[in-house]
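In: Turn this into a model:
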Amino acid sequence: MNLKQFKITRIAIAFFIGATVAISTVTDNIILAFSAVLIGMIFMFMVRKRTKAVLSDERTEKIAGTAARVTYSILTTFIAFLGLFLIMSGQSSGEAFTESVGTILSFTALLSVAIYALSYKYFSKYYGDDQ
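Out: I've put the predicted structure just below:
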C-alpha cells in the first residue's frame, strides 16, 4: 500500500468511526461507540502495518516530541494554576463545588507530572541513558 492509499484509507476509517459514534449518540448506545472506536483502532493498526511507504522520519519525530513537550508544559501549568485559583475562590466564597473542581484539577496536574516523570525514566533507561 502506498502513501496515497494509506491517506484515503485513514480518512475512510475516521469517517466510519465518526458516523458510528454519531449514530450511537443518537440511539444512546455507548457500547456501539466503544466498539466502533476499538474496531477503528484495530483497522488503523492493520493498515499501518501493511503500508510500505515511510510514514515518519527523524525530523517529524523530533517536531512531534517538541510539540508534545511544549503542550505538556503549558497544559499542566495551566491546569495547576486553575486548580489553585478554584480552590482559593471556593474557600473564600464557601462553595464546596468550586473547591472540589479545583482539587480535582490539582490532582490531575499532579498525575500528569507523575506519568511524565515515570515515562521519562522508563524511556531514558530504554534508550540507554546511564544517569
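
In: the strands in the protein, which residues?
Out: Ranges of strands in the chain, per DSSP state E: none exist.

In: Show me the domain layout of it.
Out: Listed by automatic domain parsing, the domain ranges of the chain are 3-50, 58-126.

In: In JSON lines, list the ones you listed along with mean neighbour count.
Out: Backbone N, C-alpha and C define where each C-beta goes, glycine included. As requested, those are exported to JSON lines (neighbours: other Cβ atoms under 10 Å):
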{"stretch": "domain 3-50", "mean neighbour count": "13"}
{"stretch": "domain 58-126", "mean neighbour count": "13"}
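
In: Mean pLDDT for the ones you listed - can I get that in CSV?
Out: Formatted as CSV, those follow (pLDDT from 0 to 100):
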stretch, mean pLDDT
domain 3-50, 92
domain 58-126, 93
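
In: What is the longest helix belonging to the chain packed up against?
Out: When the chain is parsed with DSSP state H, its longest helix is helix 58-93. Where contact means 3 or more Cβ pairs under 8 Å, 6 or more residues apart in numbering; DSSP states H and E, helix 58-93 is packed against helix 96-126.

In: Packing partners of the helix it packs on?
Out: Using 3+ Cβ pairs under 8 Å, 6+ apart, helix 96-126 is in contact with helix 58-93.

In: I'd like to check the angle between the helix it packs on and helix 96-126, please.
Out: 150 degrees (axes from the mean of the first three to the mean of the last three Cα atoms, to 10 degrees).

In: Quick check: chain neighbours aside, which residue is closest to Thr108?
Out: Closest residue to Thr108 apart from its sequence neighbours, by Cβ to Cβ, 6 or more residues apart in numbering: Ile79 at 5.9 Å.

In: No further queries at this time; thank you.
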